[in-house]
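[1] just a sequence and a predicted model for now, questions to come.
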Amino acid sequence: MFFMNRLAAQASKHPWVANSGYLFAATVLGSAFGFIFWTAAARLYSPTQVGRSVSLIAAISLIALLGDMGLSVVLVRHISSHAAEKARFFNTLLSYLLVCTGGIVMIFALFFWFAPNSLSVISTPAHLAVFAAVTLVFTAAQFYDRLFIALQASHWVLNRGVLMHLTRLVVLVALAGRLGEMGMLLAAGVGALISLGASAWSFAPQALPGYRLKLAFDQHYLSGKVRYALGSQVSQLAWGLPALALPLLVAGLLGAEANARFYISWMVANLLFIVPLAVSTAAFASAAAARSRSSIGVLQRATRLTQLGLVLPALGFIFFSRSILSIFGESYAEAAKLLVLFVVSVFPFTLNTFTVNAYRLAGQPWGLVWLPGSISALSLALVAVCCWRYGLVGVGLGWLLGQSLGACLSWTRRIEPFNHEERQGLQLHS
């Protein structure tokens, strides 16, 4: 009882604590549902079909990242400055997001159409239409999550996630192995569509009273924010690209079956990776709204606490790695060493994640672009080399080495609170 009272007191004093809890719960439940989803998929479909569907879903996530154009960071950082026009501001960013994403969808669709046999799963106009529709729906649904985070109402992220994952699991079981890899993609798409509808017409109006979904292209909302948006886009792309590109890289180098084993291990390890992602995202949103000099210090303290909290779960994953993977089937248990390497990498990954968000908050160009870019380049290059030399286990070895070298870069850089203009503004208001 004393512990719960202390936790409640901290949550009321620091909004990011409560929002971190909701985001953590959302990501944990999402990973748990993902665990169930891919367990069912591994039992209902062949490893080759699972590997191809993983490539499709990875492509959708990559398109969502490319089409974002830094708008999600602009939303979180600047929505508080549009107090009377938050709904219009969000709808404008959402409209531009869909336009950007739609163009990129066509490029990726052509890639899958003409790709080698190991990746060519879009072979008919119907497949192309499903792929495009799922991508747009998935991207829009994710953008509503950013709205809820920006409004510090992350419990709606949890609600949307639960609804989406339950729906896609029901659809997957209902299809019972039919339609091949497109069946898994369709299940993911239906879940995203249902949760998008709930977000647009139920959750968002409650989080932002008076909100109505409406396309808008008010350019003045982007005035003075384009440079920051593009810088944030490069940062997000550099930071998120490796995780999204890895399934495509592994499929191209090792084939669809190896890609299925890789992805299952990656998905299990993500149960740990979601912890720093959730806590740092909530802390960034809260700090962006407060804009105080102590914000960087909050991120640094949260980094240390997160590292300590990960020790025991990581040890459990390491000792029971083979038993965990055997749940998906004996062929997946062969990737136990790969899972161990991914688990160990969570510690340098945590330091890097918080450091990138701290630079994003401070608006320092070096950290905003070059730090995540350097870490991503190192990780992808080392994964490619180690994968070629050591096979599937080389993916984990290259990832661990890349994140560890990146952590050395993160440790050596100093972060100043906010950029020059914002420091002047703080001094004027102090």
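    Ah, there it is.
[2] whichever strand or helix holds residue 271 - what's its average pLDDT?
    In this assignment (DSSP states H and E), residue 271 forms part of helix 256-290. Confidence over helix 256-290, taken as the mean pLDDT, stands at 77.
[3] try stretch 206-223
    Stretch 206-223 shows a mean pLDDT of 80.
[4] quick check: end-to-end length of it?
    Chord length of stretch 206-223, first to last residue, is 28 Å (Cα to Cα, to the nearest Å).
[5] now do the buried residues in it.
    When neighbours are counted by 16 or more other Cβ atoms under 10 Å, the buried residues of stretch 206-223 are found to be 207, 208, 211, 213, 221, 222. C-betas here are computed from N, CA, C, even on glycine.
[6] with respect to residue 393, which of those is nearest?
    Closest to residue 393 out of the buried residues of stretch 206-223 is residue 207 (44.5 Å), distances taken as Cβ to Cβ.
[7] list the buried residues in the helix holding residue 271.
    With burial defined by 16+ other Cβ under 10 Å, the residues of helix 256-290 counted as buried are 256-289.
[8] ok, now stretch 84-96?
    Residues of stretch 84-96 classed as buried under the neighbour-count rule (16+ other Cβ under 10 Å) are 86, 87, 89, 90, 91, 92, 93, 94, 95, 96.
[9] and whichever strand or helix holds the fifth one, what other elements does it pack with?
    Going back to what we said before, that points to residue 91. According to DSSP H and E, residue 91 maps onto helix 86-114. Counting contacts by 3 or more Cβ pairs under 8 Å, 6 or more residues apart in numbering; DSSP states H and E, helix 86-114 packs against helix 47-68, helix 71-78, helix 125-150.
[10] among the ones you listed, which comes closest to residue 165?
    Taking Cβ to Cβ as the criterion, helix 125-150 is the member of the helices and strands packed on helix 86-114 that comes nearest to residue 165, at 11.9 Å.
[11] so for the closest one, mean pLDDT?
    Per-residue pLDDT values across helix 125-150 average out to 84.
[12] would you map out the domains in this structure?
    Per automatic domain parsing, the domain ranges recorded for the chain read 11-223, 227-425.
[13] still on that earlier bit, and the buried residues of stretch 84-96, which two are furthest apart?
    Across the buried residues of stretch 84-96, the two members that end up farthest from each other (Cβ to Cβ) are 86 and 96, 16.2 Å apart.
[14] ok, residue 183 touching residue 175?
    Yes: using Cβ atoms under 8 Å, residue 183 and residue 175 qualify as a contacting pair, with a distance of 4.5 Å.
[15] quick one: which of those two has more around it?
    residue 183 (21 against 17; other Cβ atoms under 10 Å).
[16] where's the more buried one, which helix or strand?
    Here residue 183, judged by DSSP H and E, is contained in helix 180-198.
[17] buried residues in that helix, which are they?
    Buried residues in helix 180-198, defined by neighbour count with 16+ other Cβ under 10 Å: 180-196, 198.
[18] also stretch 97-108?
    Using 16+ other Cβ under 10 Å, the residues of stretch 97-108 that count as buried are 97, 100, 101, 104, 105, 108.
[19] same check on stretch 373-391?
    Taking 16+ other Cβ under 10 Å as the basis for neighbour counts, the residues of stretch 373-391 that come out buried are 373, 374, 375, 376, 378, 379, 380, 382, 383, 384, 386, 387.
[20] what sits closest to the second one if chain neighbours are left out?
    With sequence-adjacent residues excluded and distances taken as Cβ to Cβ, 6 or more residues apart in numbering, residue 374 is closest to residue 409, at 6.0 Å.
[21] check the last one too.
    Once flanking residues are discounted, residue 387 sits nearest to residue 394: 4.3 Å by Cβ to Cβ, 6+ apart.
[22] does the one you found lie in a helix or a strand, and which?
    Using DSSP H and E, residue 394 sits in helix 393-412.
[23] residues touching that helix, excluding its own?
    If you take Cβ atoms under 8 Å, 6 or more residues apart in numbering as the criterion, helix 393-412 is touched by 242, 246, 250, 262, 265, 335, 337-342, 344-345, 347-349, 351-352, 355, 371, 374-376, 378-388, 390.
[24] quick one: end-to-end length of stretch 321-340, please.
    Start-to-end span of stretch 321-340 (Cα to Cα) is 7 Å.
[25] let's have the buried residues of stretch 206-223 in JSON lines, adding secondary structure.
    Output for the buried residues of stretch 206-223, formatted as JSON lines (DSSP: H, G, I helix; E, B strand; the rest coil):
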{"residue": "207", "secondary structure": "helix"}
{"residue": "208", "secondary structure": "coil"}
{"residue": "211", "secondary structure": "coil"}
{"residue": "213", "secondary structure": "coil"}
{"residue": "221", "secondary structure": "helix"}
{"residue": "222", "secondary structure": "helix"}
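[26] dump those residues to TSV, plus distance to residue 58.
    Output for the buried residues of stretch 206-223, formatted as TSV (distance: Cβ to Cβ, whole Å):
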residue	distance to residue 58
207	30
208	32
211	32
213	28
221	32
222	30
